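In: fold the following for me, if possible:
(2 chains)
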Number of protein chains: 2
Amino acid sequence: MNSETGLDTTIFVKTVLKGWETQITRANQFFDSASDEQLMKEVAPGRSRGIYLLGHVTAVHEAICPLLGIRQRLYPQLEQTFVNEPDSSALKMPSIKELKVYWHQVNEELMKHLLQFSAEDWLSRHNSVSADDFAKEPHRNKLGVMITRTAHVSYHLGQLIFLREKS
Amino acid sequence: MNSETGLDTTIFVKTVLKGWETQITRANQFFDSASDEQLMKEVAPGRSRGIYLLGHVTAVHEAICPLLGIRQRLYPQLEQTFVNEPDSSALKMPSIKELKVYWHQVNEELMKHLLQFSAEDWLSRHNSVSADDFAKEPHRNKLGVMITRTAHVSYHLGQLIFLREKS
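Out: I've put the predicted structure just below:
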């Protein structure tokens, strides 16, 4: 609680995490209901397939852990296939079934850690910004990472939705 | 400044607005460089055209003003064509040139107002949540609206990007 203004600073954090949770829930609903057949299709002609985007968002969410100083990744092998290389690289991928397990596990584990952070932790710098840059740009904090990643998963959900039949 | 923890509460707000600004900048870069020919195409077979999505994000950003109690909309006529109806409704639309002007004006005007809000304003309820619901769910505040709308514009950017040639 901010004793000057009566503001509860934890509400700022809850508001941002609620935004993250909303997108994760939407993504869960999409992936849980998508068939293997749907996920093996390209989201648009010549673009990534659903399976690649599932691996991609999983790998990106995995990478939040070291960035926020939580722990190392659980599935470091996803980075090469789903972040460094495009879908067209034809690298061997885990099965859709495996990727769905990873997706859920990565987000559930991550959320447990995020709920432990104090308001102060959230405003501290993440591991990809130098102390000097952070002094000049204090918005490059841990909370900012979650806002960027919320927009990122939403970006790909906008693409994945094209795998559904038009209503 | 929170005198108990030494936290500057304005940083929470700056972090969220920075996330919004980042997406607006990306969208500006997209729309400013997209040709009329590109924007008249569907983003994927049988889906909305670029012109519709330009009108849609403009209308949705317009609607943030009354929701946050800033003022009424500048272009209320956009709502019917670009929010209530799908692209396929074949309603008459403003030209791409006009829509680009609206897009920039709406976002610039909005940002001026957003920069006036205090940290306390940001944690107050928006106009689509009742006082009773807000008491139970304090994350349904004005800042939460910006987080949701940041994810929303990113969702459609993920689709619009398909109008670009594959690199």
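In: count of neighbours near A:Gln72?
Out: The local packing count at A:Gln72 equals 8, with neighbours defined by other Cβ atoms under 10 Å in any protein chain shown. For the C-beta atoms, the positions are set from N, CA and C on the backbone; glycine is no exception.
In: before we move on, what about A:Lys166?
Out: A:Lys166 - counted by other Cβ under 10 Å - has 9 other residues nearby.
In: residues contacting it?
Out: Applying Cβ atoms under 8 Å, 6 or more residues apart in numbering or on different chains to A:Lys166 gives the contacts B:Gly46, B:Arg47.
In: helix, strand or coil: sort out it for me.
Out: Recorded secondary structure, A:Lys166: coil (DSSP: H, G, I helix; E, B strand; the rest coil).
In: tell me the confidence at it?
Out: In the predicted model, A:Lys166 carries a pLDDT score of 78.
In: do the same with A:Asp8
Out: For A:Asp8, pLDDT reads 83.
In: same thing with A:Leu91?
Out: Confidence per residue is given as pLDDT, and for A:Leu91 that number is 82.
In: return the residues in contact with it.
Out: Contacts for A:Leu91 were tallied using Cβ under 8 Å, 6+ apart; they are A:Gln80, A:Thr81, A:Glu85.
In: out of all of them, which helix in chain A is the longest?
Out: Secondary structure assigned by DSSP state H gives helix A:10-33 as the longest helix of chain A.
In: any idea of the angle it forms with helix B:10-33?
Out: An angle of 50 degrees separates the directions of helix A:10-33 and helix B:10-33 when computed by axes from the mean of the first three to the mean of the last three Cα atoms, to 10 degrees.
In: chain center to helix A:10-33, what's the gap?
Out: In terms of Cα atoms, centre = their mean, to the nearest Å, the gap separating the centre of helix A:10-33 from the centre of its chain is 10 Å.
In: residues contacting the next helix or strand after that helix, please?
Out: Scanning forward in sequence from helix A:10-33, with DSSP states H and E defining helices and strands, the next element found is helix A:36-39. By Cβ under 8 Å, 6+ apart, the residues outside helix A:36-39 that reach it are A:Arg49, A:Gly50, A:Ile51, A:Leu54, A:Ile96, A:Lys97, A:Leu163, A:Arg164.
In: quick check: closest non-adjacent residue to the second one.
Out: Using Cβ to Cβ, 6 or more residues apart in numbering or on different chains and skipping residues adjacent in sequence, the residue nearest A:Gly50 is A:Leu39, 3.5 Å away.
In: below-threshold pLDDT in chain A: ranges please.
Out: Counting by pLDDT under 70, chain A shows low-confidence ranges at A:1-6, A:167.
In: the host helix or strand of A:His56 packs against which elements?
Out: With elements delineated by DSSP H and E, A:His56 resides in helix A:50-62, which encompasses its position. Helix A:50-62 sits against helix A:36-39, helix A:78-79, helix A:96-114, helix A:142-160, with contacts defined as 3 or more Cβ pairs under 8 Å, 6 or more residues apart in numbering or on different chains; DSSP states H and E.
In: most packed of the ones you listed?
Out: Per-residue neighbour counts averaged over each of the helices and strands packed on helix A:50-62 give the maximum for helix A:142-160, namely a mean of 23 (mean count of other Cβ atoms under 10 Å in any protein chain shown).
In: residues touching the residue positioned nearest the centre of chain A, list them.
Out: With distances taken as Cα atoms, centre = their mean, the residue of chain A nearest its centroid is A:His61 (3.6 Å). Listed by Cβ under 8 Å, 6+ apart, the contact set of A:His61 reads A:Trp103, A:Val106, A:Asn107, A:Leu110, A:Arg149, A:Val153.
In: cutoff 6 Å now
Out: Neighbouring residues of A:His61 by Cβ atoms under 6 Å, 6 or more residues apart in numbering or on different chains: A:Val106, A:Asn107.
In: equivalent analysis for the one 4 residues further on, please.
Out: Each residue near A:Cys65 by Cβ under 6 Å, 6+ apart is listed here: A:Arg71.
In: residues of chain A that sit close to chain B?
Out: Taking Cβ under 6 Å from any Cβ of the partner chain as the test, the list of chain A residues beside chain B reads A:2-3, A:5, A:7, A:9, A:11-12, A:14-15, A:18-19, A:23, A:44, A:46, A:120, A:123, A:138-139, A:143-144, A:147, A:150-151, A:154-156, A:158-159, A:162, A:166.
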